[in-house]
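From the sequence below, what's the structure:
(one chain, ligands or ions: 1)
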Amino acid sequence: MDSIGHLLAGNKAWADRITAKQPDFFHHLAAQQAPQYLWIGCSDSRVPATELVDLLPGEMFVHRNIANIVVHSDLNCLAVLQYGIEVLHVNHIIVCGHYGCGGIEAVLHNRTYGMIDNWLRHVHDVRTKHAALLNHYRSDEERFAHLCELNVIEQVLHVCQTTVVQQAWKQGQAFAVHGVIYDVADGRLRDLGMTIDRPECIEPHYDRALARISS
Ligand code: CO
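Numbering: from 1, shown residues only. Predicted structure coming up:
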């Protein structure tokens, strides 16, 4: 088996580049992290959270899983949310999906991969919920792209419905939840118009985001 020596060498070159520009960069970061952003994205290797928005270490708190799913019983995701909101006081929570997502594709084409099918059941639920909208599209490419978008919109909704977010808003904490989608084919992020910064916004903004997809 090949060693990971090239990764360690790459890491040294990377750290050297950063300290050449800013000698106290890591020393300063070691003392504390104060990111303004919490990112919930897919594990896909083509969607590197911090890198694609051109941020440095220390600027974004990150949670990733297959198909960027937020489930109310997932302690891992909930713990990241709670820490991001209550301890780090992030200003923005960003749910990022991406076109060409393998998890979404598996659901759309009813592929099975074993244990992970249980995780992807949550995407099946999104597909079932929006079956009428999806069936409206003739091409498979369109259905695939729109299911990727719909999944983001539903996960933004889930973030907003968590007790962590609901309680923080109730206590007057200011932060917004956003839904964006990344195109692995051109490296660009697109806003899905699902930005919510208080409970009253949830319903109208959800309806608006869905209307955009169906138009
Ligand atoms: Co993906």
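
contacting residues for V62?
By C-beta atoms under 8 Å, 6 or more residues apart in numbering, the contact list for V62 reads L38, W39, G41, A49, T50. Where C-beta positions appear, they are placed from N, C-alpha and C, glycine not excepted.

Just to be sure, it is in a strand?
Yes - inclusion of V62 in a strand is indicated when DSSP: H, G, I helix; E, B strand; the rest coil is applied.

Closest to D117 out of the contacts of V62?
Checking the contacts of V62 against D117 with C-beta to C-beta, the nearest one is G41 at 21.2 Å.

Packing partners of the helix or strand in which that closest one is found?
Using DSSP states H and E, G41 maps to strand 37-42. Strand 37-42 sits against helix 49-52, strand 60-65, helix 75-82, strand 92-98, with contacts defined as 3 or more C-beta pairs under 8 Å, 6 or more residues apart in numbering; DSSP states H and E.

again, only using 6 Å
Using 3 or more C-beta pairs under 6 Å, 6 or more residues apart in numbering; DSSP states H and E, the elements in contact with strand 37-42 are strand 60-65, strand 92-98.

Among those, which comes closest to the ion?
strand 92-98 (5.5 Å; C-beta to the ion).

Measure how the helix or strand containing L157 sits relative to strand 37-42, angle-wise.
For L157, the host element (DSSP H and E) is helix 140-161. Relative orientation of helix 140-161 versus strand 37-42 (axes from the mean of the first three to the mean of the last three C-alpha atoms, to 10 degrees): 140 degrees.

Give me the residues contacting the helix or strand just after helix 140-161.
Using DSSP H and E, the helix or strand that follows helix 140-161 towards the C-terminus is helix 163-170. For helix 163-170, contacts defined as C-beta atoms under 6 Å, 6 or more residues apart in numbering pick out L81, Q82, I85, V159, R198, P199.

go again using 7 Å as the cut-off
Residues from elsewhere that reach helix 163-170 (C-beta atoms under 7 Å, 6 or more residues apart in numbering): L78, L81, Q82, I85, V159, R198, P199.

same check, this time on stretch 139-148
G97, H98, Y99, C101, I104, E105, L108, R127, L134, Y137, I181, I213.

I'd like the distance between the residue nearest to T50 when sequence neighbours are not counted and P48.
Counting by C-beta to C-beta, 6 or more residues apart in numbering, T50 lies nearest to M60, which is 5.1 Å off, once chain neighbours are set aside. Noted for M60: a distance of 11 Å to P48, by C-beta to C-beta, to the nearest Å.

All set now, cheers.
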